[in-house]
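**Q** Sequence first, predicted coordinates after that:
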Amino acid sequence: MKKTTGPYPVLTVDGGGSSVVPNAGATLLLRTAQAVGLPAGLSQALAPWRRPLAVHDPAKIVLDLAVSLAIGGDCLADIAQLRAAPEVFGRVASDPTVSRCIDALAADASAALTAINTARAAARAQAWALAGENAPDHAADSSAPVVIDVDATLVSAHSEKEAAAPTFKRGFGFHPLWAFVDHGQAGTGEPLAFVLRRGNAGSNTVVDHKKVITAALAQLPGGPTRGKRVLVRIDGAGGTHELLAWLTRRRLSYSVGFTLPGDLTSIQAKLAAIPDDVWEPAYDAEGQLRAGAWVAEVTDLFNLSSWPAGMRVIVRKERPHPGAQLRITDLDGLRITAFATNTRKGQLADLELRHRRRARAEDRIRCAKDTGLTNLPLHDFAQNQIWCAIVALACDLTAWMQTLALTGHPGHEQARRW
């Protein structure tokens, strides 16, 4: 170990010794944080919360908590993993100091979240600049846009916590809405923004979708005005008049789950009248022809006058998987799904495959739940907002490390998805 003027020591590898340093692998995350300027950025952003004679910088406490989540923690006390290895993590705050820091940030949660997000945005810009052609926004344009996936999830609460409420799945807890940027086939993804909500928050609440998308756009390097270089993907919860009109006014591309208008009989009659030669073969997840699945554009078959101009509706029909439960809207034993998009170019099968890859957001949420989101451990709503920001920071660090350190190695093409 060598001392450094930064917040963390520098380790050196010695093959001749016998000592084992716990959690030495976290050095990858620490070096990633330093490479993207996160410690300095957080320190500057959280300076208002540092007391004049304080020993521990709130920025290091927040970063230590993020690293503790990335290596398996799920509560504030798990920062003890870092405290047990001072040769890797330097001086780590005590549990009471950590709790006081979270309380201080939660006392002005709006300002604290803005500060943390400012540091995250600056670090993200540096990370994507260092990533070069591996960055999500490399050579982005209207035909290959940066993709923002928006999805909600349920987080159970096993005790009385502020703003916890019954959920639509008869549970109890919270219903946060998250936005992730997709890294495509080569990588995973990273969180951009979140909105922590009560458990009984609606799935298609427009104001919440606007809020999280606006915050996500602000996290993109280069500023929030991105036009058609940004594609917003949402499941059926985003298929509302108000949200699609708002996305259109922002000149953003979108691909959103859509409920076909009209009564069941008329919908089935219109779909049944589509000639067989109009249906095109659909693609599977690998971009190859999928047996038993077809796509067709049905924009002209329905009255879409109340929807934004330029919106297209594309329908997919396929043989359901063995054991799948058919729905009342399905036709002739085939599963029917639809989505809306304002993308004008590209084959229907490509556009439909692009939309189905929205399911990657579920993987991002699963990873976030493995990184501290499974349980919101604090009582106050503002405290849990700070906790979610730390979860997002931990997921950022993991994604940036994958992008910067696990690319360009022959035989390790899947390393960014480990």
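**A** Right, received. Where do you want to start? Quick caveat: nothing in here was measured; it's all calculated off a predicted structure.
**Q** For the stretch 251-400 of the chain, which segments are assigned as strands?
**A** Using DSSP state E, counting those that start in this stretch, the strands of the stretch 251-400 of the chain run over 253-257, 280-283, 289-297, 312-318, 335-341.
**Q** What of the stretch 101-250 of the chain?
**A** Counting by DSSP E, counting those that start in this stretch, the stretch 101-250 of the chain has strands at residues 146-152, 155-156, 165-166, 172-174, 177-182, 189-195, 230-234.
**Q** Low-confidence regions, this structure specifically.
**A** For the chain, applying pLDDT under 70 flags the ranges 1-5, 13-20, 223-226, 323-330, 411-413.
**Q** let's see it at 80
**A** By pLDDT under 80, the weakly predicted segments of the chain are 1-6, 10-24, 223-227, 320-333, 408-414, 418.
**Q** Can you tell me which residue is spatially central in it?
**A** residue 180 (2.4 Å; C-alpha atoms, centre = their mean).
**Q** what bridges to that residue?
**A** Here residue 180 shows beta-bridge partners residue 149, residue 191, assigned using DSSP bridges.
**Q** Spell out which residues sit in contact with it, please.
**A** With contact taken as C-beta atoms under 8 Å, 6 or more residues apart in numbering, residue 180 is in contact with 148, 149, 151, 189, 190, 191, 192, 360, 361, 364. Using the backbone N, CA and C atoms, a C-beta is placed for each residue, glycine as well.
**Q** Take those residues and lay them out in JSON lines including distance to residue 209.
**A** Formatted as JSON lines, the entries for the contacts of residue 180 read as follows, by distance: C-beta to C-beta, whole Å:
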{"residue": "148", "distance to residue 209": "11"}
{"residue": "149", "distance to residue 209": "12"}
{"residue": "151", "distance to residue 209": "11"}
{"residue": "189", "distance to residue 209": "18"}
{"residue": "190", "distance to residue 209": "19"}
{"residue": "191", "distance to residue 209": "16"}
{"residue": "192", "distance to residue 209": "13"}
{"residue": "360", "distance to residue 209": "18"}
{"residue": "361", "distance to residue 209": "14"}
{"residue": "364", "distance to residue 209": "17"}
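**Q** so which of these comes closest to residue 344?
**A** Looking at the contacts of residue 180 and their distance to residue 344, the nearest is residue 148, at 19.6 Å (C-beta to C-beta).
**Q** can I assume that closest one is in contact with residue 214?
**A** No: distance between residue 148 and residue 214: 11.0 Å, which falls outside the contact criterion (C-beta atoms under 8 Å).
**Q** which of those two has more neighbours?
**A** residue 148 (29 against 14; other C-beta atoms under 10 Å).
**Q** can you tell me which residues contact that one?
**A** Listed by C-beta under 8 Å, 6+ apart, the contact partners of residue 148 are 179, 180, 181, 182, 192, 213, 216, 217, 230, 231, 232, 233.
**Q** hmm, back to that, so which of the strands of the stretch 101-250 of the chain gets nearest residue 393?
**A** Across these, the minimum distance to residue 393, taken as C-beta to C-beta, is reached by strand 189-195, at 8.9 Å.
**Q** and the angle from that closest one to strand 146-152?
**A** With axes from the mean of the first three to the mean of the last three C-alpha atoms, to 10 degrees defining the directions, strand 189-195 sits at 50 degrees from strand 146-152.
**Q** sorry, back to before: can you tell me how far the residue nearest to the centre of the chain sits from residue 93?
**A** 30 Å (C-beta to C-beta, to the nearest Å).
**Q** ok so, going back, tell me the one among the contacts of residue 148 nearest to residue 64.
**A** Top of the list for closeness to residue 64, among these and by C-beta to C-beta, is residue 192 at 22.9 Å.
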